[in-house]
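**Student:** Sequence first, predicted coordinates after that:
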Amino acid sequence: MAVLVLFNPISGAGRALATAQRLAHALEAEGREVGLVPTERRPGEQWLRPRLAGAEALVVVGGDGAVRLSAAEAARAGVPLWHAPTGTENLFARAFGMSRDPRVLIDALRRGATRSIDLGFAGDETFAIMGSIGFDAEVVHALDAVRTGAISHLSYARPILERFGAWRPGPLAWSIDGEREELGPGVVVVGNLPEYGVRLNPAATAVPDDGLLDAVYLPARNALELLHWVPFLRLGLHERHPWLRVRRGRRIDLHAPPGTRLQLDGDPAARPASEDGAIAFRTAPGALRLLLPRDAG
């Protein structure tokens, strides 16, 4: 059986290709069959699904977006996934201690230890880590509109500054397993994993294999008020704040004004259509298998 090494050609300003080739050479030196495949913009069932048939493992070289792109097909095929990080944040690899070091990957393949985690959905779109609506989603969409290649943390500076004074969120609400609660303006993060960018982890107690999603509401009428949450998030003290709302459920419907943007795992996403205009989040419990490093918790 082959190990499929999937790489994002623009991730890490070319580092993904170099990393994928280094991993492929190391695996071949071990006597393993390797398939080296670049990501494509077409739906995964058209180009990734045929290659995953009978694969031993899927090694995703890139950032969190590359993991999201491939996770649904890996789950469908029952092929364990490994993230070799070359992106900006690499939240997925961080959560499970995965590495782009060939020795760590080869050791994991030899051991064959796996773990099944939940796969998230927003409408029909998948996510592995988290989704959100609010200021962060507006910035993600703004950056995507001008992006021409690899990005870094510095790439976010201009869209953040451009939207800092203009962002005025409308009233939000959520329905957790059918129970509706009015929230007010602000940001909502729905987490499958506890990770988030620059270690500001709103859903810090999310459990990846409990069949549930964690929903966190951060009230803010503008970006200046949103800054109030940064030290609490950084220190992990936000859940003690009396203004915060944290809920957990199997299905989370977010109700937001028309035009409110959605991001999934740091990628811009179209708002899925629904009869009442809500964004429906749910999980497929235990759908995604992971290949685990030796020291995984």
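**Tutor:** Looks like it arrived, so ask away.

**Student:** Let me know the average pLDDT across the strand or helix carrying Leu119.
**Tutor:** Following DSSP states H and E, one finds Leu119 within strand 114-122. Averaged over strand 114-122, pLDDT sits at 98.

**Student:** Tell me which helix or strand comes right after that strand.
**Tutor:** Remark: after strand 114-122, the chain's next helix or strand is strand 125-127, criterion DSSP H and E.

**Student:** partners of that next one, with directions?
**Tutor:** strand 114-122 (antiparallel) (DSSP bridges).

**Student:** contacts for the strand holding Leu119?
**Tutor:** By Cβ atoms under 8 Å, 6 or more residues apart in numbering, the surrounding residues in contact with strand 114-122 are 71-72, 75, 80, 96, 126-128, 130-131, 190, 192, 208-213, 262, 264, 269, 272, 279-292, 296. All C-beta spots, glycine's among them, are computed from the backbone N, C-alpha and C.

**Student:** now these: which count as buried?
**Tutor:** Those of the contacts of strand 114-122 that meet the buried threshold are 71-72, 75, 80, 96, 126-128, 130-131, 190, 192, 208, 210, 212-213, 262, 264, 269, 279-283, 286-292, by 16 or more other Cβ atoms under 10 Å.

**Student:** Now, those that are in helices?
**Tutor:** In helices, defined here by DSSP state H, the members of the buried ones among the contacts of strand 114-122 are Ala71, Ala72, Ala75, Phe96.

**Student:** right, and the third one touches Thr283 too?
**Tutor:** Yep, that's Ala75 we're talking about. No: using Cβ atoms under 8 Å, Ala75 makes no contact with Thr283, being 11.4 Å away.

**Student:** Okay, buried residues for stretch 29-38 please.
**Tutor:** Residues of stretch 29-38 classed as buried: Arg32, Val34, Leu36, Val37 (neighbour count, 16+ other Cβ under 10 Å).

**Student:** Show the low-confidence segments of this protein, by residue range.
**Tutor:** Across the chain, the ranges flagged by pLDDT under 70 are 11-13, 273-275, 297.

**Student:** The strand ranked longest in the chain vs strand 114-122, what angle?
**Tutor:** When the chain is parsed with DSSP state E, its longest strand is strand 279-291. On the basis of axes from the mean of the first three to the mean of the last three Cα atoms, to 10 degrees, strand 279-291 is oriented at 160 degrees to strand 114-122.

**Student:** Count the neighbours of the residue lying closest to Val246 once chain neighbours are set aside for me.
**Tutor:** Leaving aside its chain neighbours, Val246 sits nearest to Val216 (5.3 Å; criterion: Cβ to Cβ, 6 or more residues apart in numbering). For Val216, the count of nearby residues is 26 (other Cβ atoms under 10 Å).

**Student:** That concludes my questions; thank you for your assistance.
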